[in-house]
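*Asks:* can you look at this prediction? I've put the sequence above it.
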Amino acid sequence: MNVTKARPTGTPAASAGSGALPLALTQGDPAGIGPEIAMKAWLRRKSEALPPFFLLSDPAFIATRAARLGLDLPIAAATPETAAAVFAAALPVVDTGHSVTIEPGAPSASTAASTLAAIDEAVALTFAGRAAAVVTNPIAKHVLYAAGFRHPGHTEYLAALSAAYLPAGTPAPLPVMTLWSPALAVVPVTIHIALAEVPSRLTTALIVETAQIVARDLQSRFGIPAPRLVVAGLNPHAGEGGAMGGEDIAIIAPAIAALRGAGIDARGPLPADTLFHAEARAGYDAALCMYHDQALIPIKTIAFDDAVNVTLGLPIVRTSPDHGTAFDIAARGIARPASLCAALRLAAHLAATEAARSS
Ligand SMILES: NC(=O)C1=CN([C@@H]2O[C@H](COP(=O)(O)OP(=O)(O)OC[C@H]3O[C@@H](n4cnc5c(N)ncnc54)[C@H](O)[C@@H]3O)[C@@H](O)[C@H]2O)C=CC1
Ligand SMILES: NCC(=O)COP(=O)(O)O
């Protein structure tokens with residue numbers, strides 16, 4: 001597989017803010033399915049109506065993985081400025097400067113620097129107006145932790161990175177993980193923490209701040225004029241009047257009262273077990289859930305291939321497929337790019353909405 005060199009067609013200043021900016025797609029864990037679904041997405045760019053994007057990785061590694069998969073696609077070493085122009089004819093790969101060598105399905109902390117460099121670069125390019133938004137391929141948290149990474153996942157890391165681009169003294173944004181699909185949108189109020197820690201980490205203030213960000217971003221970025229939120233209880237039957245746990249009354253109900261007092265259409269705490277059937281889903285735009293699996297199990301059951309992980313609350317747009325690295329099927333040719341395609345389309349849509357709003 002040859003990697004061609006793309007001819008520069010414009011300067012950063014000329015393309016920044018032009019409205020035709022490509023999306024910056026990170027490589028994710030190179031031992032997983034990220035490279036494969038990125039290539040498959042590019043191959044389906046017309047049938048999936050995908051916006052232009054470039055992949056941040058090692059072009060030689062991507063070419064090697066393409067050959068291993070038997071994927072016949074042209075790969076062009078590009079810059080963010082050449083990417084949109086080459087996208088029609090080749091997959092643009094912007095070199096992160098890290099050489100990647102890894103066996104599919106055998107993750108190693110030795111690739112952590114390249115994985116993180118792609119994320120850092122995607123964020124830098126987006127803040128610089130050289131990419132429209134960040135789309136991340138999945139990372140395996142434990143692989144990065146083994147290399148010294150101290151953030152739970154992308155969501156928190158992107159908030160920390162964003163803080164560096166904000167005016168001095170601006171507090172770091174609260175990043176709000178949202179899993180969105182046409183059928184359901186869910187928000188885990190607590191994210192990547194042990195289940196045993198959830199009750200002590202759940203506070204009225206956290207629920208209120210999370211819901212305010214969701215309501216604001218659903219309005220401004222998703223174009224929902226008056227977002228309807230539901231809030232799940234923590235305990236069975238939302239606590240059964242306190243008999244099955246006190247958090248629903250002591251922590252969640254006051255948050256909902258505060259939200260309603262602030263003019264936000266929020267209902268709850270509602271028993272989580274009856275919140276996700278079709279008729280219930282028709283009654284709200286997003287469900288705030290108290291912990292990771294309460295949110296992610298229903299959406300991955302209903303919409304595994306359509307759902308997108310989108311981080312609300314950030315000054316930039318970031319989306320990701322809903323699934324993980326899928327090491328068990330890496331480079332076997334069977335990974336589906338559907339969720340990544342949905343993530344690319346949603347990122348472009350949200351970035352365009354944001355650009356129109358701020359122009
Ligand atoms: N956005 C991100 O960076 C995310 C990263 N992860 C990470 O992924 C790693 C693995 O997590 P798991 O819980 O095993 O979830 P997973 O989503 O990687 O895999 C679960 C199952 O779904 C299958 N699968 C996943 N995506 C698929 C696709 N596109 N096409 C066909 N089959 C697919 C896998 O083969 C596996 O059988 C973890 O280390 C976790 O930290 C998990 C979720 C999101
Ligand atoms: N389970 C969702 C997930 O792991 C995604 O996390 P993040 O890396 O987007 O923060």
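*Replies:* On my side now, so go ahead. Ligands and ions are numbered 1, 2, ... in the order given.
*Asks:* okay, CA-based contacts and neighbour counts for the rest of this
*Replies:* Fine.
*Asks:* what about V231, which helix or strand?
*Replies:* In this structure, V231 is located in strand 228-232 according to DSSP states H and E.
*Asks:* flag every buried residue along that strand.
*Replies:* Neighbour-count burial for strand 228-232 flags 228-232 (criterion: 16 or more other CA atoms under 10 Å).
*Asks:* ok, stretch 213-221 next?
*Replies:* Residues of stretch 213-221 classed as buried by neighbour count (16+ other CA under 10 Å): 213-218, 221.
*Asks:* can you put the residues you listed in a markdown table and add secondary structure and pLDDT?
*Replies:* Putting the buried residues of stretch 213-221 into a markdown table (DSSP: H, G, I helix; E, B strand; the rest coil; pLDDT from 0 to 100) gives the following:
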| residue | secondary structure | pLDDT |
| --- | --- | --- |
| I213 | helix | 98 |
| V214 | helix | 98 |
| A215 | helix | 98 |
| R216 | helix | 97 |
| D217 | helix | 97 |
| L218 | helix | 97 |
| R221 | coil | 95 |
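*Asks:* among those, which one lies nearest to R44?
*Replies:* The nearest member of the buried residues of stretch 213-221 to R44, counting by CA to CA, is R221 at 26.3 Å.
*Asks:* quick check: residues of the chain near ligand 1?
*Replies:* 138-142, 320, 322-326, 328-329, 335-337 (CA under 6 Å from any ligand atom).
*Asks:* out of those residues, who has the most neighbours?
*Replies:* Ranked by neighbour count (other CA atoms under 10 Å), these have S320 at the top, with 28 neighbours.
*Asks:* which residues does S162 contact?
*Replies:* Taking CA atoms under 8 Å, 6 or more residues apart in numbering as the criterion, S162 is in contact with 123, 172-173, 314-316.
*Asks:* quick one, grab the pLDDT at the residue nearest to T203 when sequence neighbours are not counted.
*Replies:* Among residues not flanking T203 along the chain, I251 sits closest, at 6.0 Å (CA to CA, 6 or more residues apart in numbering). Here the pLDDT value assigned to I251 is 98.
*Asks:* please enumerate the strands of the stretch 151-300 of the chain.
*Replies:* 176-180, 185-188, 228-232, 265-270, 286-289 (DSSP state E, counting those that start in this stretch).
*Asks:* distance between the second one and the chain's centre?
*Replies:* Pointing back at strand 185-188 there. 12 Å (CA atoms, centre = their mean, to the nearest Å).
*Asks:* got the contact list for that strand?
*Replies:* With CA under 8 Å, 6+ apart, strand 185-188 has contacts from 176-180, 285-296, 299.
*Asks:* now those residues: which count as buried?
*Replies:* Taking 16+ other CA under 10 Å as the criterion, what is buried in the contacts of strand 185-188 is 176-180, 285-292, 294-296, 299.
*Asks:* and the closest residue in space to S108 that isn't next to it in sequence, helix, strand or coil?
*Replies:* In this structure, S108 finds its nearest non-sequential neighbour in V143, 6.3 Å apart by CA to CA, 6+ apart. Following DSSP: H, G, I helix; E, B strand; the rest coil, V143 is assigned to helix.
*Asks:* which bits of this structure sit near ligand 2?
*Replies:* Going by CA under 6 Å from any ligand atom, the residues of the chain near ligand 2 are 153-155.
*Asks:* tell me the most packed of the residues you listed, by neighbour count.
*Replies:* T155 (23 neighbours).
*Asks:* that one against N309, yeah?
*Replies:* No: with contact defined as CA atoms under 8 Å, T155 does not reach N309; the gap is 9.6 Å.
*Asks:* redo the buried residues of stretch 213-221 as JSON lines? Include distance to V134.
*Replies:* Listed next are the buried residues of stretch 213-221 as JSON lines, based on distance: CA to CA, whole Å:
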{"residue": "I213", "distance to V134": "19"}
{"residue": "V214", "distance to V134": "19"}
{"residue": "A215", "distance to V134": "22"}
{"residue": "R216", "distance to V134": "20"}
{"residue": "D217", "distance to V134": "17"}
{"residue": "L218", "distance to V134": "19"}
{"residue": "R221", "distance to V134": "15"}
